[in-house]
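>>> Need coordinates for the following:
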Amino acid sequence: MGLFGGVKETLRDKRRDKVCANLNTVGISARLAERGLREEKASTPRWFRSLGLIEINKSPINFVHVIYIQTRYGRHYSTLYLIYDIGVINKAGLKARSKRIKERPIIGDVKDVVWKGDLGGSIIQRLNEDEYLKQELIRARHDVKIGTCPDINYWKIETKGYLNKQVREKWDVYEIIARHLKK
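Residues are numbered from 1 along each chain as shown. Next comes the predicted model:
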């Protein structure tokens, strides 16, 4: 490996490795995917840096993509959950997001989650009518974005941060969303 290879490995951001280990710990069959796959390149915005893909077996979610974002305000991470669907090729630029509705602005408790966007009426309607999904998103305490990657035939579910806490609960929520998208 040489001197510089060891230094490079020591300095490498290992968040993707941690996410993969967390998934395997809770019983989700995951492995690190090789670098440079087309799914990695097409789903990464130009100004973000990909940390790589995690391949998932036996799930509607095919890949988890961990992304590093450096801004003038600091650095943070984002995670994309990629769901293969051949029908996405005809749905370029569709997107939606969950919006938490609070009892009182800013400090109030979340009382509802509403999906807004242009995914098409039936998908938005299914997401809004799923009471279990709403309750789980309220418990997870974060909003979720959904969009298409038509160049690679994938839906993407985007969240801030990376999967390090409440792995099983969050994963179950993302799988529910993935099943709604694939219907």
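>>> Only C-alpha atoms from now on, for both contacts and neighbour counts.
Will do.
>>> Which residue ranges of the protein form helices?
Under the criterion DSSP state H, the chain contains helices at 2-11, 15-25, 38-43, 121-129, 131-140, 167-182.
>>> mind putting those in CSV, distance to Val88 and mean pLDDT included?
Listed next are the helices of the chain as CSV, based on distance: least, Cα to Cα, whole Å; pLDDT from 0 to 100:
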stretch, distance to Val88, mean pLDDT
helix 2-11, 37, 61
helix 15-25, 26, 91
helix 38-43, 14, 81
helix 121-129, 13, 90
helix 131-140, 23, 91
helix 167-182, 9, 92
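>>> Please name whichever of those is nearest to Gln70.
helix 15-25 (14.9 Å; Cα to Cα).
>>> Next, the buried residues of the closest one.
If you call a residue buried by 16 or more other Cα atoms under 10 Å, then helix 15-25 has these buried ones: 15-17, 19-23.
>>> what's next to that helix, contact-wise?
29-32, 51-54, 66, 162-164, 167-168 (Cα atoms under 8 Å, 6 or more residues apart in numbering).
>>> which among these end up buried?
30-32, 51-54, 66, 162-163, 167-168.
>>> Direction included, what does the longest strand along the chain pair against?
Selection of the longest strand in the chain by residue count, based on DSSP state E, yields strand 74-84. Paired neighbours of strand 74-84 in the sheet (DSSP bridges): strand 63-71 (antiparallel), strand 154-160 (antiparallel).
>>> Let me know the angle separating the last one from helix 167-182.
Compare the direction of strand 154-160 with that of helix 167-182 by axes from the mean of the first three to the mean of the last three Cα atoms, to 10 degrees and you get 140 degrees.
>>> starting at the chain centroid, how far to strand 154-160?
4 Å (Cα atoms, centre = their mean, to the nearest Å).
>>> what does stretch 30-45 give?
The mean C-alpha position of stretch 30-45 is separated from the chain mean by 13 Å, Cα atoms, centre = their mean.
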